[in-house]
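J.: show me the folded form of this:
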Amino acid sequence: MITSDYDIKYQRWRVRTVWCVSVLFAMCWNMLPLTVAWQWIFPDALLLVCLFWTIKDDSPRSLITVCLLGLLMDLATGALLGFHAFGYVIVIFIAARFRKVLSSLPIWQQGFFVTLLVMVNQCLQWVVLQYIGLSMSAWCLLSPWVAGYLVWPLLVVALQAGLSRRQY
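T.: Sure thing, here's the model as predicted:
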């Protein structure tokens, strides 16, 4: 139980630090030099981290922050400018809308909802690619859903361990 001002400041500092480290790690994960097949199999780590923080944290993470992270991801990966930002903003808006319901669910049920949100993101990316005349195979469209569901419990456990308050 947090009772003093020092404890409150320390807890806020811990949340901000874990948020920054998790976002940095997710961006590095997304920029790993992989073959094209592996790039489409691995889930979008930055999207999963943003979903975790939207579901977990009470403090408002604005859609502008998510949009800026998406634009940074576009710049870092060399994608069409706004490609990731568009999907991230829509998915995080949906997750923020259902945050109270999602935060009360067990991890495996959250995983189903996260899978649906990853599906929405992949469908939005598919629509953008079709609009500009590029194609995307069905395998590339379907594989991140399964990988996102499998990675979600590991991500939640790892980030909650970073947030837990240790008593010495």
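J.: could you use CA atoms for every contact and neighbour count after this?
T.: Noted.
J.: what comes up buried for the lowest-mean-pLDDT helix or strand in the chain?
T.: Least confident helix or strand of the chain, by mean pLDDT, DSSP states H and E, is helix 36-41 with a mean of 73. Neighbour-count burial for helix 36-41 flags 39-41 (criterion: 16 or more other CA atoms under 10 Å).
J.: phi, psi of residue 80?
T.: In terms of degrees, to the nearest 10, the main-chain angles of residue 80 are phi -60, psi 130.
J.: look up how far residue 158 lies from the residue lying closest to it once chain neighbours are set aside.
T.: Distances taken as CA to CA, 6 or more residues apart in numbering put residue 74 closest to residue 80, at 6.4 Å, once the chain neighbours are dropped. Counting by CA to CA, to the nearest Å, the gap between residue 74 and residue 158 amounts to 26 Å.
J.: got a list of what residue 46 touches?
T.: By CA atoms under 8 Å, 6 or more residues apart in numbering, residue 46 lies in contact with 23, 26-27, 30.
J.: any stretches of the chain with poor pLDDT?
T.: Judged by pLDDT under 70, the chain has its weakly predicted residues at 1-3, 5-7, 58-61, 138-139, 165-168.
J.: among residue 74 and residue 158, which residue is more densely surrounded?
T.: More neighbours surround residue 74 than the other of residue 74 and residue 158, with 17 against 12 (other CA atoms under 10 Å).
J.: could I get the contacting residues of that one?
T.: Counting by CA under 8 Å, 6+ apart, residue 74 touches 80-85.
J.: who wins for neighbours among the residues you listed?
T.: residue 84 (28 neighbours).
J.: chain center to the helix or strand harbouring it: distance?
T.: Applying DSSP states H and E as the criterion places residue 84 in helix 83-97. Its chain's C-alpha centre and that of helix 83-97 lie 10 Å apart, by CA atoms, centre = their mean, to the nearest Å.
J.: same question for stretch 141-154.
T.: Per CA atoms, centre = their mean, the centroid offset for stretch 141-154 relative to its chain is 12 Å.
J.: which helices and strands sit right next to the least confident helix or strand of the chain?
T.: If contacts are counted by 3 or more CA pairs under 8 Å, 6 or more residues apart in numbering; DSSP states H and E, helix 36-41 sits against helix 138-163.
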